[in-house]
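Trainee: no sequence on this one, just coordinates:
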């Protein structure tokens, strides 16, 4: 409506009130800060503000909507004068207009805030209410500037019965209390009285919210107020109004950090909100439960949340909200993540029974139907690594996971959580000592369907199967009887057959692991095939033969081939600061070259490059000169090659002893340089001794048994099942983790205090404070021989004659004036 702007101004200037009202209505609807004709309305607005009360009322209504920075500057004095108008409705409109003036022109606050403060004691309640509204909006930006108004506002809080104005006053005190701690003690009695007596829900919630954000629930005096607030909020949760439930859950989340025991009394009420049909109320209830969880209520809360992931078995048609909660991937993902967050916070500080938590993780993998398998895998591995007492139950649980084909059948589907198979295979392989029959688990780890999984899962299954076979073979060697030989041959043949399939995989990680294990198994197969049962005679003592290093063992020696390779060290959790605590060894320079010869080579290449750049001359002009230079280069290279061929074909003279020694020395130096060069593969094998040097031939007995691993004494037979224990284990969580040997723990740097919280120095401190030191830059020193005491001598340009006949342009050379004794010197 830019075309009608000027006509609107004409209508606004009409002396008739009904036409003027239409003009101001059109200005409110069409004018903005970029309207050009607004500059023409300044005098018109001033005239209308000094007119009849009807014109003043219409003008104040319109000017609040079309206010600009220029109008606020020009009309500020007139609007301040309107605050003392004899009619209350004019004063009320003027107060509302002053807010727009302060918003557009902040400098008017210095002159108008005093007159606005006077309106808090106005005789008309409408003017007072309008003033409180304006002050509440202004205090949002700088609350500390409005602390002097606290006495008047407190008087209104204790005397007024207008709920709307009380809401604004309570909000205003909520902004002022953090900046003046003395207000907290002063406000607790009246706000407690309002919470206990008011029937207005909006006023009640604002009082509770002000108590929370104004730090009024702290200390012994705030405990009773906190209990009152929590009881009121619990009543809101049980109300049928969904809005009250939502704001009550939001407010309770803020009370939990200071008074969790008070909120825990209404745990059942909060849990009922998780079953609400409104998805937003469910999310707020989950937030509250996550903040409320502790060691006593963790299991009940988790079981309640976990039940929402299970699909109902009823055949009734669900509602739209229920269908959304059951099939929404985002909601199911939030539920699954909240369960693991509640259990794992502060390194499993709230978990009492880790066997229960391991079962929850497995159940979560079955019922979540979202892509959360990676988090479940990490949690399983972390729990088993940190809690030793839970390893036996974890192995038993993972055997059930591996023997169930649910994850294998749905591995390619979204939300299948097939990563749990990674954790199951790793746990069974790492803690295979907890298995009663490890050989029975190997077929599940090497079944053909494993190859269809992700490469990292397949590789872990191969590695774990190898660990299980090595452990089973070593246990068989300790209990060896001749009846184990057929079982051993059969197990090795099955392992080789399955490993041959994985060795042809297209994934490099799977192929490499399978190929390495396959070679070990082939070695074991040959050793078992060559094994012959030991013929016992009546003269040998079996007890002494076991400790005789020369005698043959009663079992195939290759049974101890695999276990020492994979179980020589126990895998424990690592501390979070372990890497940063490793000290740098003495004499280690991290900036030095690892291979010194490479540094010399780079330096030589750099020098050669500099020399080649220095030797490059300016290109000659003309194609004939370029071709001539190319022919010279080619002819020179040809002569060099011919010279080399002649040197190689020439008969070599017989070298002397000194030349031979020098050649050997140069060869040794060259070999030493090549030994440090990573791009050369050196043959470090020693030369064969002469045939006649019989004493230098080492005598090694190759048929000695392999060294047995040192283990604690244990009863014969495999470990019994974990379910045979009579008393529940006591769980100890290794929260700190392992630190490397010789680690130096450096103290964490203290958090710097923000500039806003630092104490301001007084005048005496500032006076005695030393001046700040300037940064020490290196001073620039000028050599004495470069100091100029006079104007430099002028340089004369002369033309130098070029020898020979040539059509090229003459070059110019710069020649200074010659001094005595310096004749003939030219600067090039």
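Mentor: Sure thing, it's come through. Quick caveat, the model's predicted, so the values are computed rather than measured.
Trainee: List the contacts of residue 304.
Mentor: 271, 274 (C-beta atoms under 8 Å, 6 or more residues apart in numbering). Any C-beta I mention is one placed from the backbone N, CA and C, and that applies to glycine too.
Trainee: Now do the buried residues in the host helix or strand of it.
Mentor: Using DSSP states H and E, residue 304 falls within helix 298-306. For helix 298-306, a neighbour-count test (16 or more other C-beta atoms under 10 Å) marks 298, 299, 301, 302, 304, 305, 306 as buried.
Trainee: need the residues you listed in TSV with distance to residue 126 and pLDDT, can you?
Mentor: Formatted as TSV, the buried residues of helix 298-306 follow (distance: C-beta to C-beta, whole Å; pLDDT from 0 to 100):
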residue	distance to residue 126	pLDDT
298	55	91
299	58	91
301	51	90
302	55	91
304	51	87
305	51	88
306	56	89
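Trainee: Tabulate these (a markdown table), appending distance to residue 151.
Mentor: Listed next are these as a markdown table, based on distance: C-beta to C-beta, whole Å:
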| residue | distance to residue 151 |
| --- | --- |
| 298 | 49 |
| 299 | 53 |
| 301 | 47 |
| 302 | 52 |
| 304 | 50 |
| 305 | 50 |
| 306 | 55 |
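Trainee: Which single one of those residues is nearest to residue 374?
Mentor: Ranked by distance to residue 374 (C-beta to C-beta), the buried residues of helix 298-306 are led by residue 306 at 19.2 Å.
Trainee: And the closest one, how far from residue 467?
Mentor: Per C-beta to C-beta, to the nearest Å, residue 306 is found 33 Å from residue 467.
Trainee: Over to residue 592?
Mentor: As judged by C-beta to C-beta, residue 592 and residue 467 stand 40 Å apart.
Trainee: of the two, who's got more company?
Mentor: More neighbours surround residue 467 than the other of residue 592 and residue 467, with 24 against 8 (other C-beta atoms under 10 Å).
Trainee: Next up, the contacts around the nearest residue to that one once chain neighbours are set aside.
Mentor: Of all residues not flanking residue 467 in the chain, residue 429 sits nearest, at 4.1 Å (C-beta to C-beta, 6 or more residues apart in numbering). With contact taken as C-beta under 8 Å, 6+ apart, residue 429 is in contact with 460, 463, 464, 465, 466, 467, 468.
Trainee: What strand or helix carries the last one?
Mentor: With secondary structure defined by DSSP H and E, residue 468 is part of helix 455-478.
Trainee: Now that helix: buried residues?
Mentor: Buried, per 16+ other C-beta under 10 Å, within helix 455-478: 457-477.
Trainee: Over to stretch 11-19?
Mentor: For stretch 11-19, the neighbour count (16+ other C-beta under 10 Å) marks 11, 12, 13 as buried.
Trainee: and the residue nearest to residue 212 when sequence neighbours are not counted, what element?
Mentor: Using C-beta to C-beta, 6+ apart and skipping the chain neighbours, the partner closest in space to residue 212 is residue 254 (4.8 Å). Using DSSP H and E, residue 254 falls within helix 242-255.
Trainee: Quick one: residues in contact with that helix.
Mentor: By C-beta under 8 Å, 6+ apart, the residues outside helix 242-255 that reach it are 201, 205, 208-209, 212-213, 217, 226, 229-230, 233-234, 236-237, 239, 262-263, 270, 273, 276, 278, 280-281, 284-285, 287-288, 291.
Trainee: from the residues you listed, which ones fall inside helices?
Mentor: Secondary structure from DSSP state H places 201, 205, 208-209, 212-213, 226, 229-230, 233-234, 236-237, 262-263, 270, 273, 280-281, 284-285, 287-288, 291 of the contacts of helix 242-255 in helices.
Trainee: Of those, select the buried ones using a ChimeraX command.
Mentor: To isolate the buried members of these in ChimeraX, using 16+ other C-beta under 10 Å:
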select :205,208,209,212,226,229,230,233,234,236,237,262,263,270,273,281,284,285,287,288,291
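Trainee: Apart from its chain neighbours, what residue comes closest to residue 286?
Mentor: residue 338 (5.4 Å).
Trainee: residues contacting that neighbour?
Mentor: 286, 289, 290, 305.
Trainee: Those: which two are farthest apart?
Mentor: Across those (C-beta to C-beta), the longest gap, 9.6 Å, separates 290 and 305.
Trainee: Let me see the ranges of the helices in the stretch 251-400 of the chain.
Mentor: Secondary structure of the stretch 251-400 of the chain (DSSP state H, counting those that start in this stretch): helices at 260-264, 267-274, 279-292, 298-306, 320-327, 329-348, 354-367, 373-386, 391-403.
Trainee: Out of those, which gets nearest to residue 35?
Mentor: Proximity to residue 35, assessed across the helices of the stretch 251-400 of the chain by C-beta to C-beta, is greatest for helix 279-292 (42.0 Å).
Trainee: mean confidence for the closest one?
Mentor: Helix 279-292 carries an average pLDDT of 89.
Trainee: How far away from the center of its chain is that helix?
Mentor: Taking C-alpha atoms, centre = their mean, to the nearest Å, one finds helix 279-292 lying 24 Å from the centre of the chain it belongs to.
Trainee: Give me the helices and strands touching it, please.
Mentor: In terms of contacts (3 or more C-beta pairs under 8 Å, 6 or more residues apart in numbering; DSSP states H and E), helix 279-292 is packed against helix 242-255, helix 260-264, helix 267-274, helix 298-306, helix 320-327, helix 329-348.
Trainee: what helices or strands is the third one leaning on?
Mentor: Packing partners of helix 267-274 (3+ C-beta pairs under 8 Å, 6+ apart): helix 221-238, helix 242-255, helix 279-292, helix 298-306.
Trainee: List the contacts of residue 137.
Mentor: Residue 137 touches residue 99, counting by C-beta under 8 Å, 6+ apart.
Trainee: Test my guess that residue 279 contacts residue 330.
Mentor: No - with contact defined as C-beta atoms under 8 Å, residue 279 does not reach residue 330; the gap is 9.7 Å.
Trainee: ok, these two, which is more surrounded?
Mentor: When neighbours are counted by other C-beta under 10 Å, residue 279 comes out ahead of the other of residue 279 and residue 330, with 13 against 10.
Trainee: quick revisit: as CSV, the contacts of residue 429 with distance to residue 244 would be great.
Mentor: CSV is the format used below for those (distance: C-beta to C-beta, whole Å):
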residue, distance to residue 244
460, 52
463, 57
464, 55
465, 59
466, 62
467, 59
468, 59
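Trainee: Closest one of those to residue 571?
Mentor: residue 467 (11.5 Å).
Trainee: Look up how far residue 80 lies from the closest one.
Mentor: Separation of residue 467 from residue 80 (C-beta to C-beta) stands at 86 Å.
Trainee: And for residue 34?
Mentor: 27 Å.
Trainee: Comparing those two, which residue is more hemmed in?
Mentor: Per other C-beta under 10 Å, whichever of residue 34 and residue 80 has more neighbours is residue 80, with 18 against 8.
Trainee: check which helix or strand covers the more buried one.
Mentor: helix 69-82.
Trainee: Ok, residue 581 next?
Mentor: Residue 581 belongs to no helix or strand, assigned by DSSP H and E.
Trainee: residues touching it, list them.
Mentor: Contacts here follow C-beta under 8 Å, 6+ apart; on that basis residue 581 touches 575, 739, 740, 743, 744, 745, 746.
Trainee: hmm, back to that, could you report the neighbour count for the residue nearest to residue 212?
Mentor: Based on other C-beta under 10 Å, the number of other residues close to residue 254 is 15.
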